[in-house]
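Asker: Prediction below, plus the sequence it came from.
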Amino acid sequence: MEDIDNAPDEYSGPSKSQRKRESTALQDLGAELVALSKERLAKIDMPERLRDALLEAQRITKHEARRRQMQYIGKIMRDVDATPLRAAMDEISGVSKAATIRQHQLERLRTRLMEDEAVFSEVAREYPGADMQHLRQLRRNALKEAQQGKPPRAYRELFRELRALEVAGEPDDTADFDDA
């Protein structure tokens, strides 16, 4: 009789090296999550047990205790579907296609604001909580900087303000911004 344990064609699952790579990848993802602010962590959908472990890791300052906490986070993440967490991290770091599209929409909106002041009424309609006076001031400063050939500090600040508005209050319909 042939020994079944030594059958060469049987698949016994991923190799030890593959399992270790996957475990390390989960720990690295956990480290990225720990590096986020508490506000950003609150916006990501995850099990409460993982969220508590991440917040605890942010609080720990001693090297060895932090290392053990990171390993614990990796252990918790083995039981969690990491795909949505990776997608959220890609979104935050600007890697995802959706984030790139939103970035381009905001850049087009900023360009339209610089070309035509009437676009402010559209911004006011889409983002009711916007500080329009501040946005108008940034536009004036950006136009003045462009005239004088200065670095585009206000131009960049205008973009940051528009991005903050979009993050703070997701507009109902961003199709209006695609007209550029």
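Answerer: Looks like it came in fine.

Asker: how about the residue nearest the centre of the chain, secondary structure?
Answerer: Nearest to the geometric centre of the chain sits Ile92, at 0.9 Å (Cα atoms, centre = their mean). Here Ile92 is helix, with the state taken from DSSP: H, G, I helix; E, B strand; the rest coil.

Asker: Leu36 is in contact with that one, correct?
Answerer: Yes - counting by Cβ atoms under 8 Å, Ile92 sits close enough to Leu36 to count as a contact (7.1 Å). The way it works is simple: take the backbone N, C-alpha and C, and place the C-beta from them, glycine included.

Asker: Enumerate the positions of whichever strand or helix holds Ala164 that are buried.
Answerer: Using DSSP states H and E, Ala164 maps to helix 153-168. Judged by neighbour count (16 or more other Cβ atoms under 10 Å), helix 153-168 contains these buried residues: Ala154, Tyr155, Glu157, Leu158, Phe159, Glu161, Leu162, Leu165, Glu166.

Asker: Check stretch 14-26 too.
Answerer: Leu26.

Asker: and for it, what are the contacting residues?
Answerer: Gly74, Met77, Arg78, Ala82 (Cβ atoms under 8 Å, 6 or more residues apart in numbering).

Asker: Dump these into TSV; add pLDDT, distance to Gln147 and secondary structure as well.
Answerer: Formatted as TSV, the contacts of stretch 14-26 follow (pLDDT from 0 to 100; distance: Cβ to Cβ, whole Å; DSSP: H, G, I helix; E, B strand; the rest coil):
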residue	pLDDT	distance to Gln147	secondary structure
Gly74	85	54	helix
Met77	87	53	helix
Arg78	86	58	helix
Ala82	84	50	helix
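
Asker: returning to that earlier point: so for the helix holding Ala164, mean pLDDT?
Answerer: Throughout helix 153-168, pLDDT has a mean value of 87.

Asker: Which neighbouring elements make contact with that helix?
Answerer: On a contact count with 3 or more Cβ pairs under 8 Å, 6 or more residues apart in numbering; DSSP states H and E, helix 153-168 meets helix 97-115, helix 132-148.

Asker: and these as TSV, adding mean neighbour count, mean pLDDT and distance to Gln69?
Answerer: Converted to TSV, the helices and strands packed on helix 153-168 look like this (neighbours: other Cβ atoms under 10 Å; pLDDT from 0 to 100; distance: least, Cβ to Cβ, whole Å):
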stretch	mean neighbour count	mean pLDDT	distance to Gln69
helix 97-115	15	85	29
helix 132-148	14	91	41
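
Asker: Okay then, goodbye and thanks.
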